[in-house]
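>>> can't give you the sequence, but here's the structure:
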DNA sequence: CTGTTAGCGCGTTCAG
DNA sequence: CTGAACGCGCTAACAG
């Protein structure tokens, strides 16, 4: 009794095809695998047999002998986040164009999850991984080094990791932030709120403390904060710790913090929001306070979307090349997979400040 | 000379661990694989050896012998689309909770891509797949039947496929649409535009033609259109083919069509938008026409988001349980993977009409 | 050009 | 309780 293990139905193997065609396994394998040479005659017979049996190669078995899986892994914070969804789409498109499939894992900014995700990918023998890592310090990158040690190339996307000498595809967050804040300053603002800062419980008293807190968190956030400070410095505007948000990065928290900044004796007249949720949260706070933009407060945010353009007035936003970010990362990775030397350099893509109508001079 | 095939670095096999521990492969396999019984003594030695060598099981090899990959496949139109991104996140979360990983493929609504995607998943020997299929007619579902025949369970998400007797996790699109349009009618509207219809070149002259066109397209779109017609019928409002959009489903096209409806002698006073892009496109058209909502035209759209809530005025929207849609689909699928009988039934999740301020009576 | 044979790394009988 | 041996499906040397 032929062991009907699992569902053998329709599961033809290469040997069965060979038998059906009356040739050796290798001949069948060669024509079906598309390598080596086979006489047209036998080739035809094999193809017909395969067709008849509904043969489909077992990618697992193939990977076992070749050592390559034609699959790359992707680790991001949250596939449900529009920014990452766009990046992942870029990665998928670019890798599929090169014949690679993608397996995506979300970490929710949890380092433990990131480590677990990396292990899953290593175990599944992916040919490489692109990761938007939450790691920053030298001791947080063990899992990345582990992958590298095991011969799995890694490319960073969205976030560079200073302690890791790897290829990274990012935008110049610091510069983008500086440009946005400069735009606010040029409009006459001096009390500019920075929304979506480091998630520390206590507001840092000094600039040094703030920077220290930032350097313990997401790379992008730190860079954007530096850009904010750069612009302030250039304009000789004193840094005020009360104007930066701290706490959990959720919309509700943003709303609270912006409300606080709005209630200050010397209240903010402009807002720089470094995330989509920071923008919507800020908008909620404005409405609750009965204020409107750009009349009462000017506004610039990160991550443009169709919504930002249809707001009334439309929002001035920083647009990131999301798709390209992912596509480029995949390309760099796949070049390495195909034998290229890792470039170990930072690929910086251009972001763009899209000026619309949410910036005006401060109220008199 | 030990064949340094690829990067053998750090790639310890179970045999090497066994050798290091001085036991047979099987013993090492048993302790490392977590099955069978092993004496505490040997167990300890094996574990130490594994630790020392940095052993990690090869999931591919394991899948080869067990026949299961602990991976499910996901096929959606576009992972970059916020709706699908949310659904996929639900799928990933739920399946990871059960120890399954996910490989996601986008089809961009191209049936060929969907077929190719299914083949990739079959070849990779996933344990099951959840698909938001663009298929509708009986002859479009060959690839799904193929998967089934090969023993790969399939669950539908977001879109049911009438000709397929499978488990499906959806919302009641028809009812949701009807409720929204009823709301508009209750406010006094009779000229209600339907935005995001079937992508036919010519506007269907009759209701029958329209329905026929719809039945050749996305299931969700057809259902929403039926809900729209239901509401019209109940209120004895005659159907006017000029009030439904046709053409490519892109924001620019929406803007054109809405502009057209706005320019009609007996122009629309309300808009029902069945997609996010339909909403933003409609908003653009309104602005261009110098009209505002809800004063000049009332508006209800599908797929709520944080943006819709911060618009001024905030938008009345239909909220879909995106995460739950995905999570439920994954759960149903994994139950089947674990041996449960396919229920072959439609699981309908509740959507919700979130009333905000984009609906008002028509202008006098 | 073709068929035979030996792995890839792991799970799993089957003796010992 | 342990270890040797076989098989999963395929690729890749190696002969013929």
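Perfect, I can see it now. Small disclaimer: the values here were computed from a predicted structure and weren't measured. Numbering: from 1, shown residues only, chains lettered A, B, ... in the order given.
>>> so how far is residue A:257 from residue A:246?
8 Å (CB to CB, to the nearest Å). Yep, even glycine has a C-beta here, placed from its N, CA and C like the rest.
>>> let me fix that: residue A:16
66 Å.
>>> neighbour count: these two, which is higher?
residue A:257 (25 against 16; other CB atoms under 10 Å in any protein chain shown).
>>> tell me the buried residues in the host helix or strand of that one?
For residue A:257, the element it lies in under DSSP states H and E is helix A:251-263. Using 16 or more other CB atoms under 10 Å in any protein chain shown as the test for burial, helix A:251-263 gives A:251, A:253-255, A:257-262.
>>> for the residue in the stretch 251-364 of chain A that DNA strand C sits nearest to, give me its contacts.
Nearest residue of the stretch 251-364 of chain A to DNA strand C: residue A:337, at 18.2 Å (CB to the nearest atom of the strand). For residue A:337, the contact set (CB atoms under 8 Å, 6 or more residues apart in numbering or on different chains) comprises A:72, A:127-128, A:153.
>>> what is the nearest of those residues to DNA strand D?
Nearest to DNA strand D out of those is residue A:127 (CB to the nearest atom of the strand; 14.4 Å).
>>> what's the lowest-mean-pLDDT helix or strand in chain A packed up against?
Scoring the helices and strands of chain A by mean pLDDT, DSSP states H and E places helix A:25-33 at the bottom, with a mean of 85. If contacts are counted by 3 or more CB pairs under 8 Å, 6 or more residues apart in numbering or on different chains; DSSP states H and E, helix A:25-33 sits against helix A:14-21, helix A:40-53.
>>> tell me where chain A is predicted with low confidence.
Scanning chain A for pLDDT under 70 picks out A:1-10.
>>> need the helices for it, in chain order.
A:14-21, A:25-33, A:40-53, A:59-66, A:82-97, A:111-123, A:142-149, A:173-186, A:207-214, A:219-234, A:251-263, A:276-288, A:306-310, A:322-337 (DSSP state H).
>>> out of these, which gets nearest to residue B:188?
Taking CB to CB, helix A:306-310 is the member of those nearest to residue B:188, at 25.4 Å.
>>> which other residues reach the closest one?
Contacts for helix A:306-310 (CB under 8 Å, 6+ apart): A:279, A:301, A:314-315, A:317, A:356, B:251, B:276-277, B:280, B:283-284, B:287, B:305, B:307-308, B:311.
>>> and if we set it to 10 Å?
Residues from elsewhere that reach helix A:306-310, judged by CB atoms under 10 Å, 6 or more residues apart in numbering or on different chains: A:82, A:276, A:279-280, A:301, A:314-317, A:319, A:354, A:356, A:358, B:251, B:276-277, B:279-284, B:286-287, B:305-308, B:310-311.
>>> check which residues of that helix are buried.
For helix A:306-310, by 16+ other CB under 10 Å, it's A:307-310.
>>> going by distance to residue A:207, which of those wins?
So of the buried residues of helix A:306-310, ranked by how close each gets to residue A:207 (CB to CB), first place is residue A:308, at 30.3 Å.
>>> distance of that closest one from residue A:295?
In terms of CB to CB, residue A:308 sits 18 Å off from residue A:295.
>>> what does residue A:20 give?
78 Å.
>>> okay, these two: which has more neighbours?
residue A:20 (18 against 12).
>>> so that one is in contact with residue A:54, correct?
No. Contact status for residue A:20 versus residue A:54: not in contact, 11.3 Å apart, counting by CB atoms under 10 Å.
>>> show me which residues of chain A are close to DNA strand D?
Neighbours of DNA strand D within chain A, by CB under 7 Å from any atom of the strand: A:11, A:13-15, A:25-26, A:29, A:32-33, A:35, A:55, A:57-58, A:61-62, A:64-66.
>>> same for DNA strand C: which of these are within range?
Filtering the residues of chain A next to DNA strand D for proximity to DNA strand C by CB under 7 Å from any atom of the strand leaves A:25-26, A:61, A:64-65.
>>> which pair of those residues spans the longest distance?
So, these by CB to CB: farthest apart are A:26 and A:64, at 17.1 Å.
>>> who's more crowded, those two?
Set residue A:26 next to residue A:64 and count neighbours by other CB under 10 Å: residue A:64 wins out with 16 against 13.
>>> from memory the more buried one sits against residue B:125, does it?
No. Assessed by CB under 10 Å, residue A:64 is found out of contact with residue B:125, at 11.8 Å.
>>> what is in contact with those two at once?
Common contact partners of residue A:64 and residue B:125 (CB under 10 Å, 6+ apart): A:58, B:60, B:63-64.
>>> residues from chain A in reach of DNA strand C?
So chain A meets DNA strand C at A:23-27, A:30, A:36-39, A:41-43, A:61, A:64-65 (CB under 7 Å from any atom of the strand).
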